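1. build me a model from this:
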Amino acid sequence: MDVLGMMRARDERAARQAALLKEFGRPLVSFTMNIAGPEKTNALIEKAFRLAVRRLKDALAASGIRLVHGEMHMKPSGPEGFFCVDGGVEAVKRLCVALEERDKLGRLLDLDVLDREGGKLSREQLELPARGCVICGKTGSYCAASRAHSAETLFEEAMGRIAAALDAEADEAIAALAARALLTELAVTPKPGLVDRSNNGAHRDMDCHTFMASAAALQPYFSACARLGRELGAGEECFQQLRLEGMLAEGKMLRANGGVNTHKGAIFTLGILAAAAGHLVKQGLAPGPKNLSAAAIAMTATALEQERAALSAARTYGEALMRGRLSGARAEAAAGFPTVMGHGLPALDGALGQGLTRDEAGARALLVIMLKAEDTVLLRRAGEQGAREALARVKAALVGGARPRDLLELDQYFISEGLSPGGSADLLAAVFFVRYLRELSKEQ
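-> From the prediction side, this is the model:
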């Protein structure tokens, strides 16, 4: 952007400020990005701007400051935003300064606050410290006046800060959705033989509180998985690194709930999907079912088959089933989670589309998953004959419309027989996670 273009952009911005002040008669936040050098905008800068706008709106809402009007413009001179607010101008300015000082991205934000008459409130007027240099942190205008740092150095620093902020935001968003999916699966009631809001299912060593403690403890793990997918891509190296993170997460889970295994299967399944999501978001691809499935296959299929072929002694019931083929959760991962993408998610979507509650839709999706997946937890508890009998009852309940009465009877049967479809519960959590990821990509 040349000098004349920047001057014209400043004049246009001032004119828009004046027009909005006249129209709304409220304090105005005029928002731009502080990017040195001739390149004032690109895809990353615009993404960072949208992230900062979301933060501004969140901070205003939490502070009880009503947003009267907001608009954004993506221009060659850089992104611009104008936000008319119903609040005290000093309070708004202090809030904007806090956002500017929040983190490394904040230093790149220019949040000017204008009063009703168009006067710009400065930090000095509120006795707040001047902004520091992006490179060295020195306050005041010395670096700018002396050109202590080249435009190229300042631009590279800005882009590095933007990339880091966007990556961290994406990792945290994916982790939050994974933890939310665990809690949503827990909340679905009734679920046959599983812990839910009404009872502990066929379990005596865990309850709702145990699962909530575990879900909270695992959120940082899901963030680490997203980071690994972002940094390493959808390949075997990523999967091997996930194994270590999964072991650490399992230890954290056991510490959080007194040694009870609440989410071991979910650590495996959601960890892979979180890494896949991290990879896809970094590549600018939608984390939808098809892309997630392909990424999961790329990460796990070869590695899991090699592990199965090399298995000499089974340590778990699931490993004992792997004679000639992958089974259970491993088979699901290596095939790209077909039960999740091809059966559970459509069942959930369809039920919610029919107006069913989240409880009803989640229960219906769970029954579909139980009929389609190889649930090694259920097989271990029931044996092959017992599992067939249990699944026949599940099918009958589903054919009958999965009515509340039928679900309650099914729950009581599973409890009385000591049966728990824990593997299917993990896949239901995965269904919710994929749905939440899809919703997130639409919002962005």
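2. for the residue nearest in space to the middle of the chain, helix, strand, or coil?
-> Geometric centre of the chain, nearest residue: Ile174, 2.0 Å, by C-alpha atoms, centre = their mean. Three-state assignment for Ile174 (DSSP: H, G, I helix; E, B strand; the rest coil): helix.
3. that one against Ala276, yeah?
-> No. With contact defined as C-beta atoms under 8 Å, Ile174 does not count as touching Ala276 (9.7 Å). Glycine gets a C-beta too; all of them are placed from N, C-alpha and C.
4. about what we covered before: show me what contacts the closest residue to the residue nearest to the centre of the chain other than its chain neighbours?
-> Among residues not flanking Ile174 along the chain, Ala226 sits closest, at 4.1 Å (C-beta to C-beta, 6 or more residues apart in numbering). Applying C-beta atoms under 8 Å, 6 or more residues apart in numbering to Ala226 gives the contacts 170-171, 174-175, 274-275, 277-278, 281.
5. kindly report the same for Leu60.
-> By C-beta under 8 Å, 6+ apart, the contact list for Leu60 reads 66-67, 83, 85, 87, 92, 95.
6. separate out the buried members of those.
-> Taking 16 or more other C-beta atoms under 10 Å as the criterion, what is buried in those is 67, 83, 85, 87, 92, 95.
7. circling back: confirm the residue nearest to Ile174 sits in a helix?
-> Yes. Applying three-state DSSP, one finds Ala226 inside a helix.
8. picking that back up, output the buried ones among the contacts of Leu60 as a markdown table; include the columns secondary structure.
-> As requested, the buried ones among the contacts of Leu60 are exported to a markdown table (three-state DSSP):
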| residue | secondary structure |
| --- | --- |
| Leu67 | strand |
| Phe83 | strand |
| Val85 | strand |
| Gly87 | coil |
| Val92 | helix |
| Leu95 | helix |
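9. can you redo those as TSV with pLDDT?
-> Formatted as TSV, these follow (pLDDT from 0 to 100):
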residue	pLDDT
Leu67	98
Phe83	98
Val85	98
Gly87	94
Val92	97
Leu95	97
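10. Throw these into JSON lines and include distance to Leu366, thanks.
-> Listed next are the buried ones among the contacts of Leu60 as JSON lines, based on distance: C-beta to C-beta, whole Å:
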{"residue": "Leu67", "distance to Leu366": "40"}
{"residue": "Phe83", "distance to Leu366": "44"}
{"residue": "Val85", "distance to Leu366": "46"}
{"residue": "Gly87", "distance to Leu366": "47"}
{"residue": "Val92", "distance to Leu366": "48"}
{"residue": "Leu95", "distance to Leu366": "44"}
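11. distance from the centroid: which residue in the protein tops it?
-> Farthest-from-centroid check, the chain (C-alpha atoms, centre = their mean): Ser146, 43.3 Å.
12. any idea how far it lies from Cys136?
-> Separation of Ser146 from Cys136 (C-beta to C-beta, to the nearest Å): 11 Å.
13. Leu154 too?
-> 11 Å.
14. looking at those two now, which is surrounded by more residues?
-> Neighbours were counted for Leu154 and for Cys136 using other C-beta atoms under 10 Å; Leu154 has more, 20 against 10.
15. how near is that one to Arg102?
-> As judged by C-beta to C-beta, Leu154 and Arg102 stand 20 Å apart.
16. again with Glu71
-> Taken as C-beta to C-beta, the span from Glu71 to Arg102 is 23 Å.
17. I'd say Ile415 and Ser198 touch.
-> No. If you go by C-beta under 8 Å, Ile415 and Ser198 don't touch, sitting 10.9 Å apart.
18. the more surrounded of these two?
-> Set Ile415 next to Ser198 and count neighbours by other C-beta under 10 Å: Ile415 wins out with 18 against 12.
19. what sits against that one?
-> Contacts for Ile415 (C-beta under 8 Å, 6+ apart) come out as 193, 199, 201-202.
20. likewise for Gly5?
-> With C-beta under 8 Å, 6+ apart, Gly5 has these contacts: 76-77.
21. where does it sit, in terms of helix or strand?
-> Using DSSP states H and E, Gly5 falls within helix 3-24.
22. quick one: that helix to chain centroid distance?
-> Distance of helix 3-24 from the chain centroid (C-alpha atoms, centre = their mean, to the nearest Å) equals 37 Å.
23. and the strands in this protein?
-> 28-33, 66-75, 78-86, 109-114, 120-121 (DSSP state E).
24. send me the longest one as CSV with only the CA atoms.
-> These are the backbone C-alpha positions of strand 66-75, laid out as CSV (Å, rounded to 0.1, in the frame of the first residue of the first chain):
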residue,chain,number,x,y,z
ARG,A,66,-24.1,-2.9,25.0
LEU,A,67,-22.9,-3.0,21.4
VAL,A,68,-25.3,-0.7,19.6
HIS,A,69,-23.8,-1.0,16.1
GLY,A,70,-20.8,-2.9,14.6
GLU,A,71,-19.3,-3.2,11.2
MET,A,72,-16.1,-4.6,9.7
HIS,A,73,-14.3,-3.8,6.4
MET,A,74,-11.5,-5.7,4.8
LYS,A,75,-9.5,-3.2,2.8
